[in-house]
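*Asks:* Build the 3D model from these lines:
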Amino acid sequence: MEKPIPLKTDLAPIKAQIAQERQAYETQKENFKTLEETLEAEFKASLPTLFTQEERDVLDLDGDPIAQYELLQAKRDIAVTQKVEEARATLEAFEDEIEAKEQQLEDLEAEDTFSTNHPDLDKEGFASWLQGDVAPNIREEIIQASGGDKVVFLGLMAKRFLEERGIDPSASSQNDPNLSTNLLGIAGETGDIDKNATSQDDAFARDAGLFR
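*Replies:* Numbers count the residues shown, from 1 in each chain. Here you go, the predicted model:
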């Protein structure tokens, strides 16, 4: 399980960093659109100095046309195609990295919203209950009722948690406000939040970011 995330996390620096990276990505994406054309022009300009004397002999007008084509194609692959594919892979990896950070930010925002909405909740007890004490049918019912919304899911679970303990959800006052618990990470590394009882809720948790 990850280290608990402090309540009221300052998300401004995270948002600023993601926005900066997203802007850099969009710039790189625009540059990529003309990369092949640029490399092609550079390749053609370099042709006079690109070949060895032996290769020039192959390119002689009396040379084998197939050998000429293969030599030119090999040179172009190195100067153009390989560089375009490397740039494409780098760009896609950058986008994946940004999307992962955006997902983490969404999780943090959900955690903060939930903590704000439930300042007096015993979050440590709630996390323990959520991890192992919820009947699979109840969990499935709440998953359906939440519509895939992380904050709604945790809110409905918290309501059930309090009701099972005979506490009025609208008037509970039982938690140390300084306590922090990573509620969206309670399933640990495996993501099995019901100890293999069902698979639907685990898939929901994975999709909704309820563990990382």
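
*Asks:* what about residue 161, how many residues close to it?
*Replies:* For residue 161, the count of nearby residues is 24 (other C-beta atoms under 10 Å). Every residue, glycine included, has its C-beta placed from N, CA and C.

*Asks:* Regarding it, which helix or strand does it belong to?
*Replies:* helix 150-164 (DSSP states H and E).

*Asks:* And that helix, what does it pack against?
*Replies:* helix 82-117, helix 123-132, helix 136-146 (3 or more C-beta pairs under 8 Å, 6 or more residues apart in numbering; DSSP states H and E).

*Asks:* ok, the residue nearest to residue 113 when sequence neighbours are not counted - contacts?
*Replies:* Once flanking residues are discounted, residue 113 sits nearest to residue 151: 5.0 Å by C-beta to C-beta, 6 or more residues apart in numbering. Residue 151 makes contacts with 110, 113-114, 117, as judged by C-beta atoms under 8 Å, 6 or more residues apart in numbering.

*Asks:* same thing but 6 Å
*Replies:* 110, 113-114 (C-beta atoms under 6 Å, 6 or more residues apart in numbering).

*Asks:* Just the buried subset of those, written out for PyMOL, thanks.
*Replies:* Only the buried entries of the contacts of residue 151 go into this PyMOL selection, using 16 or more other C-beta atoms under 10 Å:
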select buried, resi 110+114
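
*Asks:* ok, the contacts of residue 151 vs residue 64, which is closest?
*Replies:* residue 110 (65.9 Å; C-beta to C-beta).

*Asks:* Please work out which helix or strand belonging to this protein has the smallest mean pLDDT.
*Replies:* Least confident helix or strand, the chain: helix 200-208 with a mean of 46, by mean pLDDT, DSSP states H and E.

*Asks:* what's the spacing between residue 140 and residue 146?
*Replies:* 11 Å (C-beta to C-beta, to the nearest Å).

*Asks:* And residue 125, by the same measure?
*Replies:* Distance from residue 125 to residue 146, by C-beta to C-beta: 21 Å.

*Asks:* where in this protein is pLDDT low?
*Replies:* Residue ranges of the chain with pLDDT under 70: 1-9, 61-63, 170-212.

*Asks:* excluding its backbone neighbours, what's nearest residue 88?
*Replies:* Using C-beta to C-beta, 6+ apart, the nearest residue to residue 88 is residue 32, at 7.0 Å.

*Asks:* what's the helix or strand hosting that neighbour packed up against?
*Replies:* Using DSSP H and E, residue 32 maps to helix 12-33. The helices and strands touching helix 12-33, judged by 3 or more C-beta pairs under 6 Å, 6 or more residues apart in numbering; DSSP states H and E, are helix 82-117.

*Asks:* Between helix 123-132 and the helix it packs on, find me the angle.
*Replies:* 120 degrees (axes from the mean of the first three to the mean of the last three C-alpha atoms, to 10 degrees).
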